[in-house]
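In: Task: produce atomic coordinates for the following.
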Amino acid sequence: MGIVIGISEILLGLYELWTGAKFNGLSLHRKMKGLYSLGFAFIGCGCFSILICALTSLQNSMLDTLTWLAEMGVLLLYGSFRDIHRLRSCKLEVCGVFSHFSPTLGMMPVFTYKVGKQQYRETSQPCSMEKYRAQLRAGETYTIFVNEARPSIFVFRKKIERANYFLTIPLGVILIIPWIIYCGWLLTN
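Out: Residues are numbered from 1 along each chain as shown. Have a look, this model is predicted:
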């Protein structure tokens, strides 16, 4: 079972990389810079699942299940902390022209903006868009928040959804704890 889970996670990661490159026109070099690190996280989890199966000689389905749950917990924690870090690092206010919604990353807005002499056309990092989708009009100018160190990273709204993090961070921890307890039990017996 863990082999199937691992292969499916690797395929999900490859799909994430492919859709990001297809819809945003990114080269492999730009993907490798961490813009689509969730795809690499899925691939890493898939490889970890396959490694666990190989180490246990495909004999421990409980460990396979708990490993998958722990991986989902790690992905939840990774996504939450990555979003918090990105929101906090985007401090520079600039004017950006709204283009359209990207079909990847949960329909995030695509903006064209200028930082210094360089012009960018990028997709917003995940942020709370439900309230603002109906208000955005193609070709209109809005204030966006850009990361000064990496101007290709920006957010449309600088708001951390606390309800999401009060749910995802504890859930991530809860999914990891049974795996740690079971691995401890396996090592002591």
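In: same for the helix or strand harbouring residue 187, what does it pack against?
Out: Per DSSP states H and E: residue 187 is located in helix 162-188. Judged by 3 or more C-beta pairs under 8 Å, 6 or more residues apart in numbering; DSSP states H and E, helix 162-188 is in contact with helix 61-89. Glycine gets a C-beta too; all of them are placed from N, C-alpha and C.
In: show me where pLDDT drops low in the chain?
Out: 20-36, 58, 103-106, 126-130, 163 (pLDDT under 70).
In: which residue packs closest to the residue nearest in space to the middle of it, ignoring adjacent ones?
Out: The centroid of the chain falls nearest to residue 38 when counting by C-alpha atoms, centre = their mean (4.1 Å). Excluding the flanking residues, the one nearest residue 38 by C-beta to C-beta, 6 or more residues apart in numbering is residue 16, at 5.8 Å.
In: picking that back up, so the residue nearest to the centre of the chain sits against residue 79, correct?
Out: Yes: assessed by C-beta atoms under 8 Å, residue 38 is found in contact with residue 79 at 6.8 Å.
In: Relative to the whole chain's centre, how far out is the helix holding residue 187?
Out: Relative to the chain's own centre, helix 162-188 is displaced by 19 Å; criterion: C-alpha atoms, centre = their mean, to the nearest Å.
In: mind listing what's buried in it?
Out: Under the neighbour-count criterion of 16 or more other C-beta atoms under 10 Å, helix 162-188 has 168, 169, 172, 175, 176, 179, 182 buried.
In: re earlier: and the residue nearest to residue 38, how far from residue 9?
Out: 11 Å (C-beta to C-beta, to the nearest Å).
In: go on, residue 67?
Out: Distance from residue 67 to residue 9, by C-beta to C-beta: 11 Å.
In: hey, what's in contact with both of these two?
Out: Residues touching both residue 67 and residue 9 (C-beta atoms under 8 Å, 6 or more residues apart in numbering) are residue 49.
In: Which residues are in contact with the residue lying closest to residue 179 once chain neighbours are set aside?
Out: Spatial nearest neighbour of residue 179, chain neighbours left out: residue 70 (3.6 Å); criterion: C-beta to C-beta, 6+ apart. Going by C-beta under 8 Å, 6+ apart, residue 70 touches 175, 176, 178, 179, 180.
In: Out of those residues, the closest to residue 59 would be?
Out: Nearest to residue 59 among the contacts of residue 70 is residue 179, at 17.0 Å by C-beta to C-beta.
In: Pretty sure that closest one sits against residue 65.
Out: No: between residue 179 and residue 65 there is no contact under C-beta under 8 Å: 9.3 Å.
In: Does residue 111 touch residue 99 like I think?
Out: Yes: Residue 111 lies in contact with residue 99 (C-beta under 8 Å); the separation is 6.4 Å.
In: More neighbours: which of these two?
Out: Using other C-beta atoms under 10 Å, the more surrounded residue of residue 111 and residue 99 is residue 111, with 24 against 16.
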